[in-house]
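Student: Kindly return the folded structure for what I paste below:
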Amino acid sequence: MNKRRDFLKASGALALTTLFRPSDIFADSLAKKPIGLQLYSVREDMSEDPQGTLRMVSSIGYKSLETANYADGKVYGMEPVFFKNYIQDLGMKLRSAHVGGPRSYDPAKKDEALDWWKKAAADHKIMGAKYLIKPSMPIPTTLKELDVWCEYYNAIGEITKKSGLLFGFHNHAREFESIEGKIMMDHMIAYTDPKLVCFELDVYWAQKGGQDPVEYLEKYAGRFPVLHIKDEEEIGASGTLDFKAIFEAAYKQGMKDYFVEVERYNFEPLESVKQSFDYLNKASYVK
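Tutor: The predicted model follows:
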């Protein structure tokens, strides 16, 4: 049996005392800070045992969640009402969700595409989410193609607004490449309605794309209510991102929520997200 499954089987209160020292969890980790976690960070654990993994995430101290597994009206196989009640019982809440939607977009089939988003918005309203985030997109080759996506995002924003959610887009590095002499991300920010579309700045990918996350936050103040706090592996491990400056700039420009995301690990994923939590929990600049 694989190690991860064994690890998750030990997710009860008694097992937690053996997996993590009580002083680690209860003295260092449980905090009043609303530190959020993108559940993609523990994607294999969530696939094998979503409820057990959520218990572990709660025990680490995370209070806020961002999901990444919406399909067929369910999240991690759970109905919206069940998921909401389950995480509430664990002292957590859903603030954001990564939802892919139709991979491609054909303006001739706009109504069909928007119907998908109507369903997604309704389901995530039930779960209490604030943001509905598209995590990626096909990279256009012309500004005309990119404008079609911007119009589509504005239309999605109209849909989600009716359900009380704010639609957003999450960057990787490629969105900082140039198309016809213009940086794609800059163009998207300029040609989407700020009342309908926000952006979730992934600070790691922004830096990988050649941007200074702090300067970008300052340049487009107000467009980033939510951030991905990310590093090469665990938060703070690489020493290449100035998280103090990033948080200070993010708060100043209006950040409301932030989520740890770990994609590569030096440890088991749950230990990696715990170390990332502890790093932010101990940081005086994190509120």
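Student: Enumerate every residue touching residue 277.
Tutor: 29, 35, 37, 60, 61, 62, 260 (CB atoms under 8 Å, 6 or more residues apart in numbering). Every residue, glycine included, has its C-beta placed from N, CA and C.
Student: from these, which ones fall inside helices?
Tutor: residue 60 (DSSP state H).
Student: Turn the contacts of residue 277 into TSV, columns for distance to residue 266, pLDDT and neighbour count.
Tutor: TSV is the format used below for these (distance: CB to CB, whole Å; pLDDT from 0 to 100; neighbours: other CB atoms under 10 Å):
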residue	distance to residue 266	pLDDT	neighbour count
29	18	42	19
35	20	98	24
37	17	99	25
60	17	98	24
61	20	98	23
62	19	98	28
260	15	99	24
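Student: out of the contacts of residue 277, which one sits closest to residue 235?
Tutor: residue 260 (6.1 Å; CB to CB).
Student: Hmm, the closest one is touching residue 36, no?
Tutor: Yes: counting by CB atoms under 8 Å, residue 260 does reach residue 36; the two are 6.8 Å apart.
Student: what residues are shared contacts of those two?
Tutor: residue 62.
Student: mind listing the strands for the stretch 51-200 of the chain?
Tutor: Using DSSP state E, counting those that start in this stretch, the strands found in the stretch 51-200 of the chain span residues 64-67, 70-71, 74-75, 93-98, 131-134, 166-170, 178-179, 182-183, 197-202.
Student: any residues touching the third one, and which ones?
Tutor: Counting by CB under 8 Å, 6+ apart, strand 74-75 makes contact with 67, 69, 80, 83, 97, 123, 127, all of which sit outside it.
Student: what's the answer for the first one, then?
Tutor: When contacts are defined by CB under 8 Å, 6+ apart, strand 64-67 is touched by residues 34-39, 57, 75-76, 87, 92-98, 133, 257, 259.
Student: Can you turn the buried part of these into a ChimeraX selection?
Tutor: Filtering those down to the buried ones (16 or more other CB atoms under 10 Å) takes a single ChimeraX command:
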select :35,36,37,38,39,57,75,76,87,92,93,94,95,96,97,98,133,257,259
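Student: burial measure for residue 100, as a count.
Tutor: The number of residues packed near residue 100 is 15, by other CB atoms under 10 Å.
Student: That one against residue 133, yeah?
Tutor: No: contact criterion CB under 8 Å: residue 100 and residue 133 do not qualify, at 9.9 Å.
Student: So which bits of stretch 194-205 are buried?
Tutor: Residues 196, 197, 198, 199, 200, 201, 202, 203, 204, 205 are the ones in stretch 194-205 that count as buried (16+ other CB under 10 Å).
Student: Distance-wise, check the first one relative to residue 180.
Tutor: It stands for residue 196. The spacing between residue 196 and residue 180, counted by CB to CB, to the nearest Å, is 25 Å.
Student: ditto for the third one
Tutor: Residue 198 sits 25 Å away from residue 180, going by CB to CB.
Student: what sits against the residue nearest to residue 182 when sequence neighbours are not counted?
Tutor: Leaving out its chain neighbours, the residue that sits closest to residue 182 by CB to CB, 6 or more residues apart in numbering is residue 143, at 6.5 Å. Going by CB under 8 Å, 6+ apart, residue 143 touches 179, 180, 182, 187.
Student: so what pLDDT did residue 143 get?
Tutor: Model confidence at residue 143, given as pLDDT, is 98.
Student: From residue 205, how far out is it?
Tutor: Distance from residue 143 to residue 205, by CB to CB: 22 Å.
Student: which element is the closest residue to residue 267 other than its chain neighbours on?
Tutor: Among residues not flanking residue 267 along the chain, residue 275 sits closest, at 7.1 Å (CB to CB, 6+ apart). Here residue 275, judged by DSSP states H and E, is contained in helix 269-282.
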